[in-house]
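>>> coords below, sequence missing:
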């Protein structure tokens with residue numbers, strides 16, 4: 001049961017008298033029956049949720065056990081965090097209310113993407129990330145063109161009869177995809193999360209009016225995107241997800257743990273614009289840059305197009321503690337239409353993504369291989385642009 005601690009709430013326990021919540025306190029009236037015991041269980045992942053279970057004192061069992069649902073989401077990604085938030089709200093409202101959510105971020109990296117030992121929930125869901133054929137995965141939503149690690153995984157999905165696994169690469173964001181499925185198949189009302197759905201389509205679908213709007217970071221959703229992508233706190237997104245499910249984006253910015261990280265991240269963002277101004281080079285409509293010697297992996301992906309508005313493609317190399325990343329993208333505001341499917345290009349090197357944006361992750365020790373792949377892709381894209389002229 002969900003509640004707002006600033007309002008009063010009264011409800012009936014099954015076959016028992018009334019419990020009342022007022023000003024954040026739970027007042028229970030169990031009459032004169034000393035054999036009735038009330039269990040109050042707070043949800044650890046979401047402080048605004050709790051559940052009540054009534055039992056007789058000689059009954060050691062709680063009448064209904066809390067279900068533990070582990071939600072795996074695309075980490076360092078606004079759409080990934082929002083997908084986890086919307087899935088959680090949908091699940092609590094339409095599937096089961098007495099549930100405890102545990103959140104685990106997933107990142108694209110060289111080698112094995114999943115550790116099945118982490119699939120330890122009563123239910124396990126993956127949102128906005130690649131498919132896993134593990135029988136322990138009970139829910140899956142994705143919209144990436146490169147959603148399947150193998151043909152066997154794709155075949156496994158096609159044969160699934162659970163009505164709990166969904167895929168459609170036509171959607172701009174996984175969040176909007178989940179909202180549609182939850183509404184049409186499960187009766188979920190997406191209106192309370194309309195703002196979240198709207199902005200995930202803009203952010204993940206690159207639907208900004210122009211490159212300047214994408215780089216200026218004025219809207220609350222864009223500030224949250226910056227924090228999600230660049231925060232070094234491993235628990236930051238996990239703390240953010242429950243708020244995304246229930247609160248306006250502008251209000252979330254006022255949360256102390258969010259407000260504290262934004263000033264240094266915005267300063268770092270301004271610095272990254274200067275760095276990319278120095279490092280980016282455009283030729284034949286294709287930008288190339290290498291910042292693997294700097295701690296800049298969380299840079300705004302639209303900066304190259306802001307600096308080079310006539311470009312069509314960009315290829316960038318960056319480095320973190322666990323990978324060297326080749327980012328391949330296309331300019332959403334280019335006057336010349338991109339003709340190369342970037343997901344297919346990245347798949348040749350073990351990566352993937354969407355038709356207009358993709359990435360490849362190399363092991364942190366494979367910097368030379370990543371650099372070679374980036375140069376090959378740059379050569380291919382520049383050749384395709386020359387053929388368009």
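Received, thanks. Quantities reported herein were computed from a predicted structural model and do not represent experimental measurements.

>>> Check the secondary structure at residue 325 for me.
strand (DSSP: H, G, I helix; E, B strand; the rest coil).

>>> Revised request: answer the last question for residue 146.
Following three-state DSSP, the label given to residue 146 is coil.

>>> Over to residue 72?
strand.

>>> How about the contacts made by the residue lying closest to it once chain neighbours are set aside?
Spatially, and ignoring its direct neighbours in sequence, residue 72 is nearest to residue 126 (4.6 Å; Cβ to Cβ, 6 or more residues apart in numbering). Quick note: C-beta positions are derived from backbone N, CA and C, even for glycine. Counting by Cβ atoms under 8 Å, 6 or more residues apart in numbering, residue 126 makes contact with 72, 73, 106, 132, 137, 139, 140, 141, 142.

>>> what does the domain assignment say about the protein?
Listed domain ranges for the chain are 9-56, 67-259, 281-388 (source: automatic domain parsing).

>>> beta partners of the residue nearest to residue 72?
Beta-bridge partners recorded for residue 126 (DSSP bridges): residue 72, residue 140.

>>> cool, and residue 165?
As for beta bridges, residue 165 partners with residue 140 under DSSP bridges.

>>> what's residue 110 in contact with, if anything?
By Cβ under 8 Å, 6+ apart, residue 110 lies in contact with 323, 350, 361, 362, 363, 366.

>>> The third one: neighbour count?
As a burial measure, residue 361 scores 24 neighbours (other Cβ atoms under 10 Å).

>>> for it, which residues make a bridge with it?
Counting by DSSP bridges, residue 361 forms beta bridges with residue 325.

>>> Give me the pLDDT value at it.
We have a pLDDT of 93 for residue 361.

>>> Then the first one?
Residue 323 is assigned 91 on the pLDDT scale.

>>> hang on, the earlier thing: confidence-wise, which of the domains of the chain is weakest overall?
With a mean of 43, domain 9-56 has the lowest mean pLDDT of the domains of the chain.

>>> other SSEs contacting the longest helix seen in the chain?
Longest helix in the chain by number of residues (criterion: DSSP state H): helix 367-388. The helices and strands touching helix 367-388, judged by 3 or more Cβ pairs under 8 Å, 6 or more residues apart in numbering; DSSP states H and E, are strand 286-290, strand 313-319, strand 323-330, strand 357-363.

>>> do you know which of the ones you listed lies nearest residue 203?
Evaluated over those, closeness to residue 203 peaks at strand 357-363, with 12.0 Å, by Cβ to Cβ.

>>> Sort out which residues of the closest one are buried, please.
Across strand 357-363, burial judged by 16 or more other Cβ atoms under 10 Å covers 357, 358, 359, 360, 361, 362.

>>> Closest one of those to residue 116?
For the buried residues of strand 357-363, the closest approach to residue 116 (Cβ to Cβ) belongs to residue 361, at 20.0 Å.

>>> Can you give me every residue that contacts the closest one?
Residue 361 makes contact with 107, 108, 109, 110, 323, 324, 325, 350, 351 under the criterion Cβ under 8 Å, 6+ apart.

>>> Ok, residue 321 next?
Contacts for residue 321 (Cβ under 8 Å, 6+ apart) come out as residue 364.

>>> Quick check: the gap between it and residue 296.
Using Cβ to Cβ, to the nearest Å, residue 321 is found at 13 Å from residue 296.

>>> Then residue 159?
Distance, residue 159 to residue 296, using Cβ to Cβ: 43 Å.

>>> So the two - more neighbours on which side?
When residue 159 and residue 296 are compared for neighbours, residue 296 comes out ahead with 19 against 8, by other Cβ under 10 Å.

>>> Now for that one, which secondary structure element holds it?
If you go by DSSP states H and E, residue 296 is not part of any helix or strand.

>>> That one is in contact with residue 275, isn't it?
Yes. Using Cβ atoms under 8 Å, residue 296 is in contact with residue 275, at 6.3 Å.

>>> any chance you could map the strands in the stretch 151-300 of the chain?
Taking DSSP state E, counting those that start in this stretch, the strands of the stretch 151-300 of the chain run over residues 165-167, 281-283, 286-290.

>>> Skipping adjacent residues, who's closest to residue 374 in space?
Residue 374 sits nearest to residue 326 (Cβ to Cβ, 6+ apart), 4.8 Å away.

>>> how about that neighbour, what does it touch?
By Cβ under 8 Å, 6+ apart, residue 326 lies in contact with 315-317, 346, 349, 351, 359-360, 362, 370, 373-374, 377.

>>> Let me have those residues in CSV, adding distance to residue 175 as columns.
As requested, the contacts of residue 326 are exported to CSV (distance: Cβ to Cβ, whole Å):
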residue, distance to residue 175
315, 28
316, 25
317, 29
346, 23
349, 28
351, 22
359, 20
360, 25
362, 29
370, 30
373, 30
374, 30
377, 29
